[in-house]
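Novice: Dropping the sequence and predicted coords here.
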Amino acid sequence: MPRLVMKFGGTSVATVDRIRNVARHVAREVRAGYEVAVVVSAMSGKTNELVAWCKDASPLYAQSEYDAVVASGEQVTSGLLAIVLAEMGIKARSWQGWQIPIETSDQHGSARIQNIDGARLDAGFKRGEVAVIAGFQGIHPETGRLTTLGRGGSDTSAVAIAAAIGAERCDIYTDVDGVYTTDPRVVPKAQRLERVAFEEMLEMASLGAKVLQVRSVELAMVHRVPTTVRSSFDDPDDARPGTLICDEDDIVEQQIITGIAFSKDEAQITLRRVKDKPGIAAAIFGPLADANINVDMIIQVVSGDGAATDMTFTVPAADYERARAILEAQSGTVEVERIEGATDVVKVSAIGIGMRSHAGVAAKAFRALAEKGINIRAITTSEIKFSVLIDAAYTELAVRTLHALYGLDKA
């Protein structure tokens, strides 16, 4: 029998009534002839509550004990869904990450999946059981301690399990009915996409689209797991197909630009008149890397005499103050006239594999933004996307301008 993994997020399982609705979605796929594994998140708001309890207990808690506490949210949901399915006459059992087992690294709070042994799940399928799996968690095989995968980790759990059991596809159920050309709250004419290539979805997820967690898309791309984004709030007996994330070869007609993403979690740092000499970039960015601060857009402008350079780059807004403090502490190593910064900036990106075969796509955008009076602070490009850093006040205007420019209003 074909196998299917279904993942349901926190809003989909927020109450017992919503869990009953989830069970109806599962029942539909069981009736369709699938062997089903269901991965669930904690009920909406529960993980935040558990984190708050940890902080209240001690501001210097051990990360291993933090994992033991926060992993309990998914344990509750998996048990409740198994109970509801049994009440409906569907054989089911709940699984915790360590029972399967899902083996991970020992980085508590942000562990990475290293191996999944699907033998126990296989045995359950042979018994006719639906496997209801607590997402977001695993076990470190050497210490035997519970681990968690970080926020959004249930998506990663689901895709990894789909790869491990050879599932036909992985359906990610959320509170939206698919992936849109941009945020419909900003552009009411945003269109739901029928199909998106893995590479495009990876860029969209990393550039601000919140539909899927980045690591889950990476896993889907590496293991070639077709992944569908669907709405759990659809009528289970008349559910819409959602958006399929798949190989580029499976998309018949490809737009030049597939979507517009934006991220408000950006801050800009500029170093004025840095002494230009070999090793200066390493002296600036090395300490930031050591502090796990991700640097994105980088622009360097060398002065006419070649003696100094202005260097501008972006970091996550949450790391802005920490990054400035690290740079100021390097004043003895890095000769800089002054450090400037801004947190009222936004990164707007256009993504599309069609850019590979079309010239002038970005230049067209730059002209359109200029005509709207939007100043570009920084630019970065890759084979299938370009990003611009602009003042936050122009976010909606920029997104709407680019969305219309590339014909996505009528996609």
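Specialist: That came through, no problem.
Novice: hey, let's count contacts and neighbours off CA atoms from now on
Specialist: Noted.
Novice: Pull up the gap between R24 and G124, please.
Specialist: 20 Å (Cα to Cα, to the nearest Å).
Novice: Could you point out which residue ranges in this protein have low pLDDT?
Specialist: Low-confidence segments of the chain, defined by pLDDT under 70, are located at 253, 303-306, 411.
Novice: Check the secondary structure at K277 for me.
Specialist: coil (DSSP: H, G, I helix; E, B strand; the rest coil).
Novice: what's near enough to touch it?
Specialist: Listed by Cα atoms under 8 Å, 6 or more residues apart in numbering, K277 has no contact partners.
Novice: Tell me how many other residues surround H223.
Specialist: 15 (other Cα atoms under 10 Å).
Novice: Just give me the residue closest to the centre of this structure.
Specialist: Taking Cα atoms, centre = their mean as the criterion, Q213 is the residue nearest the geometric centre of the chain, at 2.2 Å.
Novice: these two touch, right, that residue and D155?
Specialist: Yes. If you go by Cα atoms under 8 Å, Q213 and D155 touch, sitting 6.4 Å apart.
Novice: what about the helices in this structure?
Specialist: 16-31, 46-57, 63-70, 72-87, 119-126, 153-165, 198-206, 214-223, 280-290, 320-329, 361-371, 395-405 (DSSP state H).
Novice: of all the ones you listed, which lies closest to I139?
Specialist: Nearest to I139, of all these, is helix 63-70, at 10.2 Å by Cα to Cα.
Novice: which other residues reach that closest one?
Specialist: By Cα under 8 Å, 6+ apart, helix 63-70 touches 47, 50-51, 54, 108-109, 145-148.
Novice: Could you check the angle it makes with helix 46-57?
Specialist: Between helix 63-70 and helix 46-57, the angle comes out at 130 degrees (axes from the mean of the first three to the mean of the last three Cα atoms, to 10 degrees).
Novice: Could I get the buried residue list for helix 63-70?
Specialist: 63-64, 66-67, 69-70 (16 or more other Cα atoms under 10 Å).
Novice: what do you get for stretch 263-283?
Specialist: By neighbour count, with 16+ other Cα under 10 Å as the criterion, the buried positions of stretch 263-283 are 263-276.
Novice: Kindly report the same for stretch 180-199.
Specialist: For stretch 180-199, a neighbour-count test (16+ other Cα under 10 Å) marks 180-183, 187, 189-199 as buried.
Novice: In strands, which of the residues you listed fall?
Specialist: 195-197 (DSSP state E).
Novice: Mind putting these into CSV with distance to G33?
Specialist: Below are those laid out as CSV (distance: Cα to Cα, whole Å):
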residue, distance to G33
R195, 24
V196, 27
A197, 27
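Novice: Name the nearest of these relative to T309.
Specialist: A197 (39.4 Å).
Novice: Now do the contacts for the closest one.
Specialist: Per Cα under 8 Å, 6+ apart, neighbours of A197: 245-248, 251.
Novice: Can you tell me how far it is from A167?
Specialist: 19 Å.
Novice: Next: V361.
Specialist: 38 Å.
Novice: repeat for V39
Specialist: On the measure of Cα to Cα, V39 and A167 end up 13 Å apart.
Novice: Overlap of the contact sets of the two?
Specialist: Taking Cα under 8 Å, 6+ apart as the criterion, V39 and A167 both touch V5.
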